[in-house]
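[1] Dropping a prediction and its sequence here:
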Amino acid sequence: MNAMQRHLHDIWWLFMLRGIVLILFGLVAVLWPGLTLISLATAFAVLLLLSGIADLIAAIRGIAHRSMWFLAMLLGLGELGVGVYLLKNHYALATFIALVGLSLIIIGTLEIIAAFEPGEDAGRRFLTIIMGALSAVAGFIVLRYPVSSGLAFVWVLGLWGLLAGAVQVAMCLSLRQALYELAAATPA
């Protein structure tokens, strides 16, 4: 196994955890849409903090192995910044909605760009592009219809969480399987 493969083998679980948290966030938003926006803002802030930490760890560990490590670093720092801001200022509904929409658009754009990193498997590239597109579309919907319907806003975020989380988990399982197959094929 080369250095990049060892790096991916060591961190795949971080992204699996992020996918599971996204699914749980989506389930809570869809099953309990009557949550107050303050509770939703807090849940989304925690999601961004966890995702930011995972991206920062991946970026730091990938400096020597990934050509686009800085995208994960930027994304992680941005997610941490927005997450901290939302936790401190969760009372501002308009700001919360705008930050959620912008965060989803930025996350989606960076994921689509990162999908084209050299050496990326075609299947994972496709799933990363789908995940990025889902994030960006959800962000545009949130910004286009910010407060017209609180319930629709919660459902858009919930559906995004369910879909993006499922894609993230599928990508992690695919990556893990490919790494095990590669390790088995590589002579010791």
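    Perfect, thanks for sending it.

[2] Just want the most central residue of the protein.
    Taking CA atoms, centre = their mean as the criterion, Ser51 is the residue nearest the geometric centre of the chain, at 6.1 Å.

[3] For the helix or strand where that residue lies, name the packing helices and strands.
    Element membership of Ser51 [criterion: DSSP states H and E] is helix 37-62. If contacts are counted by 3 or more CB pairs under 8 Å, 6 or more residues apart in numbering; DSSP states H and E, helix 37-62 sits against helix 3-31, helix 69-88, helix 93-114, helix 150-185. Just so you know, the C-beta spots here come from the backbone N, C-alpha and C atoms, and that holds for glycine as well.

[4] Enumerate the positions of that helix that are buried.
    For helix 37-62, burial by neighbour count (16 or more other CB atoms under 10 Å) applies to 37, 40-41, 43-45, 47-56, 58-59, 61-62.

[5] one step back: got the contact list for the residue nearest to the centre of the chain?
    Arg18, Val21, Gly76, Glu79 (CB atoms under 8 Å, 6 or more residues apart in numbering).

[6] redo that, cut-off 6 Å
    Arg18, Glu79 (CB atoms under 6 Å, 6 or more residues apart in numbering).

[7] Check the one 3 residues further on too.
    Contact partners of Ala54, counting by CB under 6 Å, 6+ apart, are Leu14, Arg18.

[8] let's go with 7 Å and repeat that
    Leu14, Phe15, Leu17, Arg18 (CB atoms under 7 Å, 6 or more residues apart in numbering).

[9] among the residues you listed, who's most crowded?
    Arg18 (23 neighbours; other CB atoms under 10 Å).

[10] Please determine how far that one is located from Ile97.
    Between Arg18 and Ile97 the computed distance is 23 Å (CB to CB, to the nearest Å).

[11] Same check on Ile38?
    From Ile38 to Ile97 the distance is 13 Å (CB to CB).
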